[in-house]
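J.: Provided below are the primary sequence and the corresponding predicted coordinates.
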Amino acid sequence: MARMSTAASQPHSDWAIDLTHITKVYAGGFRKPGVHALRGIDMRVRRGEVFGLLGPNGAGKSTLVKILMTVIRPTRAEGTMLGHPVGHKATLAKVGYLPEHHRFPEYLTGAQVVDFYAAMCGMPRTERRKRTPALLELVGMKDWAHTKVRGYSKGMRQRVGIAQALAADPQLVVLDEPTDGVDPVGRRDIREVLTRIKDEGRTVFLNSHLLSELEMLCDRVAILVQGTVASQGTIDELTLDQQRYEIEVDGGKDADDPHRAIRGALPEVANAAALQDGSVSPGHSSGNSLATRIAWSGALPTGEKFALTRHGITIGSPDATVVQPIIDRLRAKGVTIVSVRPFRPSLEDLFMQAVTDPNTGKAVAPGARKD
Amino acid sequence: MTQTLALLLDAYRELNSKKLFWFTLAISCIIALAFAAIGIDQKGLSLLWWNIGDFGGFVNSDVIPKDQFYKTIFSNFGVSFWLGWLATILALVSTSGMIPDFIAGGAVELTLSKPVSRVRLFLTKWSVGLLFVGLQVAAFSLACFLVIGIRGGSWTPRVFLAIPIVLLFFSYLYSVQALLGLLTRSTIASLLLTLLFWLFLFLLNMADVIVLNGRETNVVKRESLVAKVERLETSTSKRLKETALKAAQAKARETAQAGGKTIEQAELDAITVPEPTKEEIAAASTSVREAKEAIVDGDAAKPKWDLACRAVVTSKTIFPKTSETTALLDRYLVKTLDIPTPEEKEDENVQAIRRQLSAADQRKVQKRMEELLRGRTESWIIGTSVLFECLVLGGACWIFSRRDF
């Protein structure tokens, strides 16, 4: 069941992309079942935000993007893009697109590529002449503007690809793996470009495997698994119920058993069992934190859930003020606080949760289901 | 309009990047120069400053007017051979990759994501493929126009009819190549299959010529046999009558001698004999009998030839007529019958049929063939071919519009 963020209540005009029931079934052959690439996608992207689409291989990300760009015909599609029905050709003049495995004509120079695709969007020549050098400068390709594409490296092609996506001054930019094959310096440059695009008020729809980059760039994300939206929203919204504070204590004279010190300071947790290894859901978090899903030991009188961990106690709240009285009570009983760490699951944690079968605890098989 | 211009400019850049385009254009220029180097005057043919001779008085400006000479070379060699064969093969090779490259993964997504309908995209891409041939033919025609004007002394704008005619001819093949490129996504496969299709059209055209020749030979042969039978019957009848008269006169003379009488010459002259019957004539002449049998055989074969002709013409109606289309230029440009056309190398089957006839009958068959072929209307030749092309292109557009890339 896909989780929708509170943004679902936004008025229609705020959406750059508003999709419902996007379905795509690839017809099967003789004795071959059809492939359900998309199974009723509901997705919304606000105007002016950077939206990340992620999912394992074969989840249907590229199919969804191609349906938006009219490269693939949907089996069923309702919804709008920039206020017009999906598939409306004229709207595409306001949409920039960089496909995943793009291949520009080898006989064109970088400047000609940008100019050609801007012209294909119907942009007048005078405007193209102004924009092309500026865009190539933006992506760091000014010095290579008049070199044929056949002489470009993968990273340079990606840069030119981003420039051509921006060529027709689009309101929405759809980028499929924009940092694919780009070195770390190039990735940083592309991130900066995307930030600038966002600052200019354009909507960016990013499809990428690089979760760390999406986490840095995206306002909202959607995770696609086997043709359905497993979850979507801001990272904060998606991790809200998993954010917590981890308090590590030194037991002092009861150094070998920090739980005894905690139980002494907090009588309401006296009867709670300590968190056992393996009582967390699959997946892992960055740093020293526990895994994202935690088996709570109980609830405090104030309502927050808690769990006794190996080195202390975890309080299930993203609110720092909730933790302060607990720290005070622990300190009052002479318990030494070693550290207090806020914990928020990373995008990778969310991704792993989404692609993990809760019954088997294993990641779902790559590719679309064939039933 | 901006998008169409962008596609045209892109097509120009693509053609410009292909070496084969310039290679073909260079050969066209060389051929035009060679064309200009050939001269004809009262002494015969010349190449630059060297006189080649008049081939037994057959080739000189008295027999063939200068302008007709250059027009004939332009039509029969420049268009039919160079543009209609070699340059077309080079053009097919050059353009064979256009559609497969256009729909290749990574390239087509970007183009399809632009605000241009798929049908317009496909047709524009297809049309710009014709630019290859258009530019080649235009350059060649211009050069030949100048040669015919300067060397032949006749400024004939009709030479430029080669541009639409060759473009039309090429478009038949290019539409098939575009469809095959779309279906197979392979440059090599689309090229080879198109060449096979062209070979099929060539064979169909050859079958048409053979069958038509066979039918007309049969008709002319029958006419000839009927005349021969009449001639033989007359001569045989005369011979039989003379023989019978001589026999009757000899008998009368014997009868008179037996009676001891003498018979007068006047009496002998008064003897008449009946006209020989057809059976008697047939029995007396093997040639008449054989000729009549041949007529019967010819009559029996006539429905078969007619059926074969109808079958071939029906097949040709469905498919594009490449040979007839290029031959249209000859029809428009060169005055027929004014020029003694050189003996064309014919198919062995045609030659075998022709061998049964006398030289006069062969010429008669050839003339009837020419009349029949020239009698085929432009609307049939072009109309049905364009209809085929439209169907192929329509199918290709439909596939392109519905395909997921």
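T.: Received it, and whenever you're ready, just let me know what you need.

J.: Tally up the residues packed near the closest residue to chain A within the stretch 151-300 of chain B, please.
T.: Closest contact between the stretch 151-300 of chain B and chain A, by C-beta to the nearest C-beta, is at residue B:185 (13.8 Å). Backbone N, C-alpha and C define where each C-beta goes, glycine included. Residues near residue B:185, counting by other C-beta atoms under 10 Å in any protein chain shown, number 15.

J.: Nearest residue to it in space, please, no chain neighbours.
T.: In space, and not counting its chain neighbours, residue B:185 is closest to residue B:100: 5.4 Å by C-beta to C-beta, 6 or more residues apart in numbering or on different chains.

J.: cool, and residue A:243?
T.: residue A:318 (3.7 Å).

J.: who's in contact with the one you found?
T.: Counting by C-beta atoms under 8 Å, 6 or more residues apart in numbering or on different chains, residue A:318 makes contact with A:240, A:243-244, A:342, A:344.

J.: Need the per-residue pLDDT for the residue of the stretch 151-300 of chain B closest to chain A.
T.: Listed pLDDT for residue B:185 reads 93.

J.: Does residue B:64 belong to a helix, a strand or coil?
T.: In three-state terms, and counting by DSSP: H, G, I helix; E, B strand; the rest coil, residue B:64 is coil.

J.: Equivalent analysis for the one 5 residues further on, please.
T.: Assigned by three-state DSSP, the conformation of residue B:69 is helix.

J.: count of neighbours near it?
T.: 23.

J.: Might one say that it is in contact with residue B:61?
T.: Yes. Residue B:69 is in contact with residue B:61 according to C-beta atoms under 8 Å; the separation is 7.4 Å.

J.: List the buried residues for the lengthiest helix in chain A?
T.: Using DSSP state H to define each element, chain A has its longest helix at helix A:184-199. Within helix A:184-199, the residues that qualify as buried by neighbour count (16 or more other C-beta atoms under 10 Å in any protein chain shown) are A:186-187, A:189-190, A:193-194, A:197-198.

J.: Common neighbours of residue B:69 and residue B:61, please.
T.: residue B:40.

J.: shaky segments in chain A?
T.: For chain A, the stretches with pLDDT under 70 are A:1-13, A:251-257, A:271-295, A:365-371.

J.: what's the answer for chain B, then?
T.: Residues of chain B meeting the criterion pLDDT under 70: B:334-357.

J.: Beyond the longest helix of chain A, next helix or strand please.
T.: For helix A:184-199, the following helix or strand on the C-terminal side (DSSP states H and E) is strand A:203-207.

J.: Was I right to think residue B:74 contacts residue B:32?
T.: No. Shown here, residue B:74 and residue B:32 do not form a contact pair, counting by C-beta under 8 Å, at 9.6 Å.

J.: Compare those two and say which one has the larger neighbour count.
T.: Per other C-beta under 10 Å, whichever of residue B:74 and residue B:32 has more neighbours is residue B:74, with 29 against 22.

J.: Quickly note the distance from that one to chain A.
T.: Distance from residue B:74 to chain A, counting by C-beta to the nearest C-beta, to the nearest Å: 34 Å.

J.: Go ahead and name everything in contact with the longest helix of chain A.
T.: With contacts defined as C-beta under 8 Å, 6+ apart, helix A:184-199 is touched by A:48-50, A:138-140, A:155, A:158-159, A:162, A:166, A:173, A:175, A:178-179, A:182, A:204, A:206, A:210, A:213, A:216-217.

J.: So which bits of the helix or strand harbouring residue A:349 are buried?
T.: Using DSSP H and E, residue A:349 falls within helix A:347-354. Residues A:347-354 are the ones in helix A:347-354 that count as buried (16+ other C-beta under 10 Å).

J.: Dump the C-alpha coordinates for stretch B:194-212 into CSV.
T.: Taking C-alpha atoms only, stretch B:194-212 is exported to CSV below (Å, rounded to 0.1, in the frame of the first residue of the first chain):
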residue,chain,number,x,y,z
THR,B,194,15.3,-3.6,-50.4
LEU,B,195,17.8,-4.7,-53.0
LEU,B,196,16.0,-8.1,-53.2
PHE,B,197,12.7,-6.3,-53.6
TRP,B,198,14.3,-4.3,-56.4
LEU,B,199,15.5,-7.5,-58.0
PHE,B,200,12.0,-8.9,-57.8
LEU,B,201,10.7,-5.8,-59.6
PHE,B,202,13.4,-6.2,-62.2
LEU,B,203,12.4,-9.8,-62.7
LEU,B,204,8.7,-8.9,-62.9
ASN,B,205,9.5,-6.3,-65.5
MET,B,206,11.6,-8.8,-67.4
ALA,B,207,8.7,-11.3,-67.3
ASP,B,208,6.5,-8.6,-68.6
VAL,B,209,8.8,-8.0,-71.6
ILE,B,210,9.2,-11.7,-72.2
VAL,B,211,5.5,-12.4,-72.0
LEU,B,212,4.5,-9.4,-74.1
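
J.: re the thing from before, which of the contacts of residue A:318 ranks first by neighbour count?
T.: residue A:244 (27 neighbours).

J.: pretty sure that residue is touching residue A:314, no?
T.: Yes. Residue A:244 is in contact with residue A:314 according to C-beta under 8 Å; the separation is 5.2 Å.

J.: Give me the contacts around stretch A:88-101.
T.: Contacts of stretch A:88-101 (C-beta under 8 Å, 6+ apart): A:62, A:65, A:68-71, A:81-84, A:121-122, A:158, A:161-162, A:164-168, A:170-178, A:180, A:207, B:105-106, B:109-110, B:113-117.

J.: Emit the ChimeraX select command for whichever of those residues are buried.
T.: Buried residues within those, by 16+ other C-beta under 10 Å, are selected in ChimeraX with:
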select /A:62,65,68,69,70,71,81,82,121,122,158,161,162,164,165,166,167,168,170,171,172,173,174,175,176,177,178,180,207 /B:109,110,113,114,115,116
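
J.: With distance to residue A:26 added, can I get the contacts of residue A:318 in TSV?
T.: Output for the contacts of residue A:318, formatted as TSV (distance: C-beta to C-beta, whole Å):
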residue	distance to residue A:26
A:240	37
A:243	40
A:244	43
A:342	45
A:344	38
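
J.: ok so, going back, now for the buried residues of helix A:184-199: which two are most distant?
T.: A:186 and A:198 (18.7 Å; C-beta to C-beta).

J.: Spell out which residues of the stretch 1-150 of chain B are next to chain A.
T.: With C-beta under 8 Å from any C-beta of the partner chain as the criterion, the stretch 1-150 of chain B meets chain A at residues B:2-3, B:5-7, B:9-10, B:13-14, B:16-17, B:104-117.

J.: before we move on, the earlier item: got phi/psi on the residue nearest to residue A:243?
T.: Dihedral angles of residue A:318 (phi, psi; degrees, to the nearest 10) stand at phi -80, psi 0.

J.: mind checking how far the helix ranked longest in chain B is from the chain centre?
T.: Longest helix in chain B by number of residues (criterion: DSSP H): helix B:187-258. Here helix B:187-258 shows a centroid-to-chain-centroid distance of 25 Å under the convention C-alpha atoms, centre = their mean, to the nearest Å.

J.: Name the next helix or strand downstream of it, please.
T.: helix B:265-270.

J.: which residues touch the residue of chain B positioned farthest from its centre?
T.: In chain B, the residue that sits farthest from the middle, by C-alpha atoms, centre = their mean, is residue B:260; the gap is 78.4 Å. Listed by C-beta under 8 Å, 6+ apart, residue B:260 has no contact partners.

J.: which phi and psi does it have?
T.: Here residue B:260 shows phi and psi, under degrees, to the nearest 10, equal to phi 70, psi 20.

J.: Stretch A:114-123 close to chain B?
T.: Yes. Contact between stretch A:114-123 and chain B, assessed by C-beta under 8 Å from any C-beta, occurs at A:116-117, A:119-123.

J.: chain center to that stretch, what's the gap?
T.: Using C-alpha atoms, centre = their mean, the offset of stretch A:114-123 from its chain centre is 30 Å.

J.: what does stretch A:306-316 give?
T.: Distance, centroid of stretch A:306-316 to centroid of chain: 29 Å (C-alpha atoms, centre = their mean).
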